[in-house]
Structures are given as C-alpha cells and as structure tokens.
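In: let's see this in three dimensions:
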Amino acid sequence: MPLHFWTTVTHLGNSALLLPAGLVLALWLLKTRHGPLALAWALSFGTAVLLVLASKLAFMGWGIGSAALDFTGISGHATVSTAVFTMGAWLLAAGHPWRRQALAIAAGLLVGLLVSISRVVLHAHSVSEVVAGFGLGAAAAVLPIAWMAGRTLRLRQRWVPMALAGVLGLLPQMGQPAETHGLVQKMALMASSRSEVYTRHMLHAAD
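Out: The predicted model follows:
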C-alpha cells in the first residue's frame, strides 16, 4: 500500500475526534432509552481510555516500559478506533439477525486493525503497543455487546453512527496531528516533576 493510504487511515484513530464520538454514542443510547447499554459502553470505553492514559503517563513520567517488547504505552489510536468503530457498526445492525451483527462487528474490528497497522507502518508505535491497543479496544466494544446478548434492542435514528463515521472521514482537522499527545506529555511532566519526558530512545539506551 502507498504511504498516503496509511497516512489517511491513521487519521481514523485521531482521539481528538473519537473521544467525543464515543461520548455521542453514549448520549444517543440514553436518548433512545437504552440507559443500561449506554452505561455499559461508557464504563467499558472510559476504562479503556484511562488504561491508555495511565500507560502513557507511566512511561513518559517515570520511564515504566519494556525495552524487550519495545513498549512505551498502549496505542491510543488503535484502542479508540477499534472500540468506537466496532460499537458504532454493531449499533447499525443491532436487532437484526446475528449474522448481520457479526459482519458489522467484523467490519468495525477491520477498521481498528487497519488503523493499528498504520501506526506501525508510519513508525508511530511498535507492534506490542498496537497489539495491546487493538485488544483493549476490541474488549471495550465486545463486552457491552456481549452483555446485550439475548436482550431486545429497539434503536431509533440509526443514522447517528453512520453520520459520525461520515463526519470523521470528512473533517479537515483529521489531517493534523492529535493535540492529545502534547497534553499527555504536559500531564506527565507535572505529575513526575521532570523537565523532560522519557522517550523510546532513552528506554533502549538504558537497556
């Protein structure tokens, strides 16, 4: 695949857009009177995001990582893209025969997988970091989906997940680096009282 393909794909994992998108899905579920599912999704997705943040802060602030695995923190792009696109795709098919739901889940996971691969191709993350992110994002989406198994789900305004996907693909700011990385760096420096964050180079130099 040409480099510009992976550059385009990687923007689908921009947390500055997908974090609000995850919140919109929760609010939409509340509006359509599916409060328990909204809560399950919010808890699952929120926990995944906090784990990503904790892993990044641990490395940037205190150098907690693994040189052997080339691990400096869970990939946020891989995590949020896998979670949001999988959940959004499933919501489009929820209530339909299970085969259609399974195809929707597979489509969402495929988007997350492509974003994960793009992070490695673009040298933004190591394999271990995107594997952790993809697995975490998949769990964040699949857990509330599995919890709904056997329950009746009658959703209105199913265009909401599709509209979110369309907006994510069209917004011009997706071509810009996510500002959340700089914010996490500032948080790490404040928490650790260091003058500079730990880097991947430092991790391997100390090995």
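In: where does the protein have its least confident helix or strand?
Out: Here the helix or strand of the chain ranked lowest by mean pLDDT, DSSP states H and E is helix 159-170, holding a mean of 68.
In: now the element after it, going C-ward?
Out: For helix 159-170, the succeeding helix or strand toward the C-terminus, using DSSP states H and E, is helix 180-192.
In: contacts only, for the closest residue to residue 103 other than its chain neighbours.
Out: Spatial nearest neighbour of residue 103, excluding adjacent residues (Cβ to Cβ, 6 or more residues apart in numbering): residue 93 at 7.2 Å. Every residue, glycine included, has its C-beta placed from N, CA and C. Shown in contact with residue 93 (Cβ atoms under 8 Å, 6 or more residues apart in numbering): 100, 101, 103, 104.
In: is the spatially most central residue of the chain in a helix, a strand, or coil?
Out: The C-alpha lying nearest the average C-alpha coordinate of the chain belongs to residue 80 (Cα atoms, centre = their mean; 0.9 Å). Three-state assignment for residue 80 (DSSP: H, G, I helix; E, B strand; the rest coil): helix.
In: and the gap between it and residue 99?
Out: 27 Å (Cβ to Cβ, to the nearest Å).
In: which helix in this structure runs the most residues?
Out: helix 35-62 (DSSP state H).
In: got the buried residues for it?
Out: 37-38, 40-42, 44-45, 48-49, 51-53, 55-61 (16 or more other Cβ atoms under 10 Å).
In: that one versus helix 180-192: what angle between them?
Out: Interaxial angle, helix 35-62 versus helix 180-192 (axes from the mean of the first three to the mean of the last three Cα atoms, to 10 degrees): 60 degrees.
In: elements contacting helix 35-62?
Out: Helix 35-62 is packed against helix 15-31, helix 76-93, helix 127-147, helix 180-192, with contacts defined by 3 or more Cβ pairs under 8 Å, 6 or more residues apart in numbering; DSSP states H and E.
In: quick one: residue 65 and residue 56 touch, right?
Out: No: contact between residue 65 and residue 56 fails when scored by Cβ atoms under 8 Å: they sit 10.0 Å apart.
In: what do those two both touch?
Out: Contact criterion Cβ under 8 Å, 6+ apart; residues shared by residue 65 and residue 56: 72, 73.
In: number of nearby residues for residue 150?
Out: 5 (other Cβ atoms under 10 Å).
In: looking at this, it is in a helix?
Out: No: applying three-state DSSP, one finds residue 150 to be coil, outside a helix.
In: need the CA coordinates for stretch 43-51. PDB is fine.
Out: Below are the C-alpha coordinates for stretch 43-51, written out as PDB (Å, rounded to 0.1, in the frame of the first residue of the first chain):
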ATOM      1  CA  LEU A  43     -17.800   2.300  31.600                       C
ATOM      2  CA  SER A  44     -16.100   0.000  29.100                       C
ATOM      3  CA  PHE A  45     -14.800   2.700  26.800                       C
ATOM      4  CA  GLY A  46     -13.900   5.000  29.700                       C
ATOM      5  CA  THR A  47     -11.900   2.300  31.400                       C
ATOM      6  CA  ALA A  48     -10.000   1.600  28.100                       C
ATOM      7  CA  VAL A  49      -9.200   5.200  27.700                       C
ATOM      8  CA  LEU A  50      -7.900   5.500  31.300                       C
ATOM      9  CA  LEU A  51      -5.700   2.500  30.800                       C
END
